[in-house]
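S.K.: model the following, please.
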Amino acid sequence: MAFQNHHDSKKRWSNFMIRAMSALILFQMILLGMVGFGLWDFTAYNWLLPISLINPDGAASPPS
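M.R.: As a prediction, the model looks like this:
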């Protein structure tokens, strides 16, 4: 009984993770498509690129 419950729980968690990752990938595909086809244009947002370029240690990149 406990063995079966463990595997049922593991299966539910795996299915949740598969759905969550699929949703994130789909979201990224939609964003990429909208930017690629020119539906979204971020060139007017001067703050977007510097804030997106964050170093792994958490410090912001120096302005160029």
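S.K.: what stretches of the chain score poorly on pLDDT?
M.R.: For the chain, residues meeting the criterion pLDDT under 70 lie at 55-64.
S.K.: so which helix or strand takes in the spatially most central residue of it?
M.R.: Ranked by distance to the mean C-alpha position of the chain (Cα atoms, centre = their mean), the top residue is Leu24 at 5.2 Å. Assigned by DSSP states H and E, Leu24 belongs to helix 2-36.
S.K.: give the other helices and strands that that helix contacts.
M.R.: With contacts defined as 3 or more Cβ pairs under 8 Å, 6 or more residues apart in numbering; DSSP states H and E, there are no secondary structure elements packing on helix 2-36. For glycine as for every other residue, the C-beta is placed from the backbone atoms N, C-alpha and C.
S.K.: what sits against Phe42?
M.R.: Val35, Leu48 (Cβ atoms under 8 Å, 6 or more residues apart in numbering).
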